[in-house]
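*Asks:* got a sequence here, can you build the structure:
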Amino acid sequence: MGMPVGVGGEPDESGPDDGGVEAVLPTAAIDVSVGGAPDLQVTLLAAQASFGVWPAMGAFQNPTWHPLRPPSDNALLCQEVPRHGKQNTAGKGVMMVPRGDCTFERKALAAQRLGAQGMILYGSLDSRYSYNASTSQVIWPQNLYDYDCSKAQALVPKSAITLDPGYNGPANDPLLTGSREDGNLCAVDNENFASSCPSQRCLLTGANTTDASMMEACCAWDLHVWLYADPTIANDTEPISIPALYITMEQATTLFDLMDQADASETLVDMVLYQCQRPSYNAASIIIWALGVFVAAVAAYLSAADYREAKHNVSRERDGGPAYTSVGSDDENRPLAEAPYRVQSSFGSQEESLDLEVHHALGFIVMASTGLLVLFFLKIYNFVKVMYAFGCAGALVQVIFYPLYARAWIYMAGPNVHPKTICTLQCLDIGRLDVVDILATVSGYSVGLAWIIVAFVVDHPESNTFFWVAQDVFGACMCITFLSTIKLNSIKVASALLIVAFLYDIFFVFVTPLLTKGGESIMINVATSGGPPKADPSWCEKYPHDTDCLGGDPLPMLFTIPRIGDYQGGASLLGLGDIVLPGLLLSFAARFDAAKSLVGLMGGGNHGNHAGRTSSCSGGCGYYGPLVVAYAVGLMMANMAVYLMNMGQPALLYLVPCCLGTMAFLGWRRNELDQLWHGPKLLTTADSILYGNNNDPNEETRDDSPNSVILDTDTAAATPTDSAKDSPTGDTSRNQPLLNVI
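*Replies:* Predicted coordinates:
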């Protein structure tokens, strides 16, 4: 369950706009040089068209061309060029075409028919105006789309502007471009124009002014645009086979300056068009894979820590040393014979068991589906972020901060000095709070609060280092806490849970697009907080806070690693559900292996048939190791599928067959499948040894159903301060295997 695994640019990912707004990225580049002179070389970033061919990646993989100008009688390349008998315009090269009057693809088609090997479309102020001959009116540029008066505004004399009858670009554009020194009329009128208008260009708005002799002009936008295809071009028209790139007005000025210098020195301008370099397989995918495997393996291993500690106690006693116990000081004074191997449960008091049957697993999936649909229809993503942050803060206290401060206290004050009690809270059975409790709680929840602030203050915060690192730490702590609290005691329930979750993932990722309006995947929509921005990327680049530009941020219940060395940004993601659900099976395997070892040692190598067999077993007889390998293989398959299919993948599609199949095969091979399916009696025997549910540790059965999930309800509702009673050296809830290992 959880979000699909994927890499940057996929719908379940932070896309190329990671850390910024949805924008038109310059994915290509143009190397320009004049006669090989070092001071006459420049690289211009350009946006690629959605039609035509893309140049190869890297400058060395592409030929060198020279710039060409369109025919003087077809300067905008909007007039029809004959389809057959291509006209060669002064040799092969890349044609420089101004924007305006017709579609991008029609210009590229005309350039191709004229024999050009590529087209560079450039922006111009002139292209933002048009003239309606039937009404004899100038059609002025559009507010916000073409210009923004909030950036910079000025008044220019009407007498300086040529309208004959339409806007005269060659005469007017130089007067509205550059700095005050360049003669820009907007900069002359507004002394702050140069500092407040990034493009250094202004457009006439056509708005009336109080002074009839003046015209209003505002700061022009000068950004890369996406070259869309033209759907009106007939299907039988030959396909575009040349690359088409777009550069801004500022870049075009730079390029034309170099061309003018080349003409003056009677040399040629060399141009190389190429795609910007980016890795075909990103290292972030390997890191997210390794992180997922590591967290799943560690969390599952720690869930069996009680059994291993009990085995350690038995070994120490048989070797003549004192048995270590993690119970509190009251229990330490108890004669060892009364409870020789009992350890405190991982979260304080003796665990309470809740027997889960198959219908409980089905109910769990129903609840998960309901929650997903609620998020899809109600869009309460911010509420989810807040609740998740505070929940993870509690796990952070429990797994990292309390053990860290407890060890620091013992190191500084000694093992026999108890921390000073600060207060006692009777509500919620919290009890006494000492200085270690307070420091750990404040530290954990401070990190959670800081994360929430960044989430709501920073636009698209996924590239913020603190944000994604803290989110990954949150996720690891949550997985460790979950698998140390919820424990399956048979693969019957595990099979039901994983198979239904497997179908759940497939349905909400692949089937729901067939059922929803617009073909939208519910899983991907929720995973990206409502889907990608609805507005045009060019609009969102100008106005990132617009309502239609919000969205696309993944929900935080996942691991995220930003893509490395990729100018397009993005991230590799792995949902926590893809760790904790298969992790339940890994946890079961780890506990089963540890219980085998414990009961076998208790029986001295002759404790029943299964115990005697396991006592002499080496690591090759265990299930935990092979399942970790199976999990790693399944997750790697999901990663590879992302690249092969070029779309996000539900990781459980690969993890469930690998993990469940491995467990079933090994159980069948070792003649243990039946007891694994119905619930190994070894686990109930080991629980009796640890928690005293049965006075006879040799008895292998108890009243509890073997098909159970052990759920410590005290833990599920508690924070690390819930059981703060004593010092780190004598606290029955703090000297626990889980925390001691961390």
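*Asks:* quick one: mean pLDDT for the helix ranked longest in the chain?
*Replies:* The longest helix of the chain (DSSP state H) is helix 577-602. Averaged over helix 577-602, pLDDT sits at 91.
*Asks:* strands along the stretch 1-150 of the chain, start to end?
*Replies:* Under the criterion DSSP state E, counting those that start in this stretch, the stretch 1-150 of the chain contains strands at 28-34, 41-48, 67-68, 94-98, 118-122, 130-132, 137-139, 147-157.
*Asks:* neighbouring strands of the shortest one in the sheet, and parallel or not?
*Replies:* By that I understand strand 67-68. Strand 67-68 has its sheet partners listed here by DSSP bridges as strand 94-98 (parallel).
*Asks:* just the residues contacting the one helix or strand residue 188 maps to, thanks.
*Replies:* Using DSSP states H and E, the element containing residue 188 is helix 185-189. With C-beta atoms under 8 Å, 6 or more residues apart in numbering as the test, helix 185-189 has contacts from 152, 154-157, 160, 175-176, 178-180, 193-194, 197, 200, 202, 217, 219. (C-beta placed from N, C-alpha, C; glycine too.)
*Asks:* likewise stretch 37-48?
*Replies:* 24-34, 54, 120, 224-227, 243-247, 251, 254-255, 258, 261-262, 273, 275-276.
*Asks:* tell me the buried residues within those residues.
*Replies:* 24-34, 120, 224-227, 243-247, 251, 255, 258, 262, 273, 275-276 (16 or more other C-beta atoms under 10 Å).
*Asks:* narrow those to those in helices?
*Replies:* Among the buried ones among the contacts of stretch 37-48, the members falling in helices (DSSP H) are 251, 255, 258, 262.
*Asks:* any chance of the residues you listed in TSV, plus distance to residue 212?
*Replies:* Output for those, formatted as TSV (distance: C-beta to C-beta, whole Å):
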residue	distance to residue 212
251	37
255	39
258	42
262	45
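*Asks:* and these as JSON lines, adding pLDDT and distance to residue 659?
*Replies:* Shown next, in JSON lines, are these (pLDDT from 0 to 100; distance: C-beta to C-beta, whole Å):
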{"residue": "251", "pLDDT": "94", "distance to residue 659": "53"}
{"residue": "255", "pLDDT": "92", "distance to residue 659": "57"}
{"residue": "258", "pLDDT": "91", "distance to residue 659": "60"}
{"residue": "262", "pLDDT": "88", "distance to residue 659": "65"}
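*Asks:* helices or strands next to whichever strand or helix holds residue 373 in the packing?
*Replies:* Element membership for residue 373, per DSSP H and E: helix 358-378. Secondary-structure packing of helix 358-378 (3 or more C-beta pairs under 8 Å, 6 or more residues apart in numbering; DSSP states H and E): helix 491-506, helix 522-527.
*Asks:* tell me which of these sits nearest to residue 551.
*Replies:* Minimum separation from residue 551 across the helices and strands packed on helix 358-378 (C-beta to C-beta) falls at helix 522-527, 9.3 Å.
*Asks:* hang on, the earlier thing: from the helices and strands packed on helix 358-378, which stretch is densest packed?
*Replies:* Ranked by mean neighbour count under mean count of other C-beta atoms under 10 Å, the helices and strands packed on helix 358-378 are led by helix 522-527, which reaches a mean of 25.
*Asks:* what segments of the stretch 351-500 of the chain are helices?
*Replies:* Assigned helices in the stretch 351-500 of the chain, in chain order: 358-378, 381-396, 402-413, 435-457, 465-485, 491-506 (criterion: DSSP state H, counting those that start in this stretch).
*Asks:* figure out which of those is closest to residue 541.
*Replies:* When these are compared by C-beta to C-beta, helix 435-457 sits nearest residue 541, at 20.4 Å.
*Asks:* with mean pLDDT and distance to residue 136 added, can I get the helices of the stretch 351-500 of the chain in JSON lines?
*Replies:* Output for the helices of the stretch 351-500 of the chain, formatted as JSON lines (pLDDT from 0 to 100; distance: least, C-beta to C-beta, whole Å):
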{"stretch": "helix 358-378", "mean pLDDT": "86", "distance to residue 136": "52"}
{"stretch": "helix 381-396", "mean pLDDT": "93", "distance to residue 136": "52"}
{"stretch": "helix 402-413", "mean pLDDT": "90", "distance to residue 136": "78"}
{"stretch": "helix 435-457", "mean pLDDT": "93", "distance to residue 136": "52"}
{"stretch": "helix 465-485", "mean pLDDT": "94", "distance to residue 136": "56"}
{"stretch": "helix 491-506", "mean pLDDT": "88", "distance to residue 136": "62"}
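*Asks:* for residue 557, which of the ones you listed is the nearest?
*Replies:* Within these, the stretch nearest residue 557 is helix 381-396; the backing value is 6.2 Å (C-beta to C-beta).
*Asks:* what's the least confident helix or strand in the chain, going by average pLDDT?
*Replies:* Every helix and strand of the chain was ranked by mean pLDDT, DSSP states H and E. The lowest is helix 737-741, at a mean of 27.
*Asks:* great, nothing more from me.
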